[in-house]
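Participant: got a sequence here, can you build the structure:
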Amino acid sequence: MLVAGNWKSNKSFNEAKEFANAIAAMPQAPAGVEVMIAPPAPYLAAMGDAQPPFRLGSQNVSATGSGAHTGEFTAEMLAGCGVQDVIVGHSERRDGYGDDDKVVAEKVSRVLDAGLRVIFCCGESLQDRQSDVHFDKVLRQMESAVLHLPAEVMDRVVVAYEPIWAIGTGLTATEEQAQEMHAAIRGWLREAFDDATAKSIPLLYGGSCKPANADALFACEDVDGGLIGGAALDPDSFRALVEAAGRVSALRMQAGAEAS
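Facilitator: Reported below is the predicted structural model:
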């Protein structure tokens, strides 16, 4: 299970340090649970130097590499700051900053070439869902950014499904809707690669996940955690999500032990 917090453009630097200290004072993450936080880019180097008790993520990366690209930062620069994970293809980048499928695919490749793990986001709008093309939309995004990847790098790929209509709206996909799409993504991975690869790739739910619904969403068979927005800004709320992932992880480990 992976609980990944995306702060977006929130928190002052002092607030970011206070959050990191609050998380450090809490018990370690439960067995089987990884924790990642992606703060605003200006904080990455300082947070990396502090060796926080969580994986450090970046919300973005350059698609163009080093050179005369004012304002951009490369995957290699991120790695030098202690970043381990990079979010690519978030709906807010796609819709607001021109990250089309071609740009997203290039960013995915650059992250993996730098030895980092990519959290690849895919999702559909409310119009897509109402038009019954939501599966086609999501799987086309998977095809454009993931199909070209060699099998040997797939252990550094995480997929985050974002029902765009549930981001910042207070709406949340039902457990049935989340599981249905995650199962479709898992099936696509199985066909594109193989069964072992499909089973090993974490699939995160990324649409208004909060403590009140985390247990139900994380319990879905093909949901392996969450990409968390608003609920990741408060240490207690975020910790509650980590604990929910821990409860589900414990049940899965128990089921696996009984099956063997």
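Participant: only C-alpha atoms from now on, for both contacts and neighbour counts.
Facilitator: Noted.
Participant: next one: phi and psi at Asn60?
Facilitator: phi -160, psi 170 (degrees, to the nearest 10).
Participant: helix or strand: which one has the residue nearest to Trp188 when sequence neighbours are not counted?
Facilitator: Nearest residue to Trp188 in three dimensions, chain neighbours excluded: Leu139, at 7.3 Å (CA to CA, 6 or more residues apart in numbering). Assigned by DSSP states H and E, Leu139 falls within helix 134-146.
Participant: what is that helix packed up against?
Facilitator: Packing partners of helix 134-146 (3 or more CA pairs under 8 Å, 6 or more residues apart in numbering; DSSP states H and E): helix 101-113, strand 117-124, helix 175-192.
Participant: just want the angle from that helix to strand 117-124.
Facilitator: Here helix 134-146 runs at an angle of 150 degrees relative to strand 117-124 (axes from the mean of the first three to the mean of the last three CA atoms, to 10 degrees).
Participant: got the contact list for the next helix or strand after helix 134-146?
Facilitator: Once helix 134-146 ends, the next helix or strand along the chain (criterion: DSSP H and E) is strand 157-163. Strand 157-163 has contacts (CA atoms under 8 Å, 6 or more residues apart in numbering) with 91, 117-126, 173, 181-182, 201-207, 226-227.
Participant: give me that answer again for 6 Å
Facilitator: 117-124, 201-207 (CA atoms under 6 Å, 6 or more residues apart in numbering).
Participant: quickly name whichever of these is closest to Arg110.
Facilitator: Nearest to Arg110 out of the contacts of strand 157-163 is Val118 (CA to CA; 9.5 Å).
Participant: quick one: pLDDT of the closest one?
Facilitator: Looking at Val118, its pLDDT stands at 98.
Participant: that older thread, among the contacts of strand 157-163, which pair sits farthest apart?
Facilitator: Spanning the widest gap among the contacts of strand 157-163 are Arg117 and Glu124, at 23.3 Å by CA to CA.
Participant: measure the residue nearest to Trp188 to Tyr205 for me?
Facilitator: Separation of Leu139 from Tyr205 (CA to CA, to the nearest Å): 15 Å.
Participant: then Gln51?
Facilitator: In terms of CA to CA, Gln51 sits 27 Å off from Tyr205.
Participant: between these two, which is the more surrounded one?
Facilitator: The residue with more neighbours, out of Gln51 and Tyr205, is Tyr205; 29 against 12, by other CA atoms under 10 Å.
Participant: could you check how far that one is from Glu124?
Facilitator: 13 Å.
Participant: so what sits against both of the two?
Facilitator: With CA under 6 Å, 6+ apart as the test, Tyr205 and Glu124 reach no residue in common.
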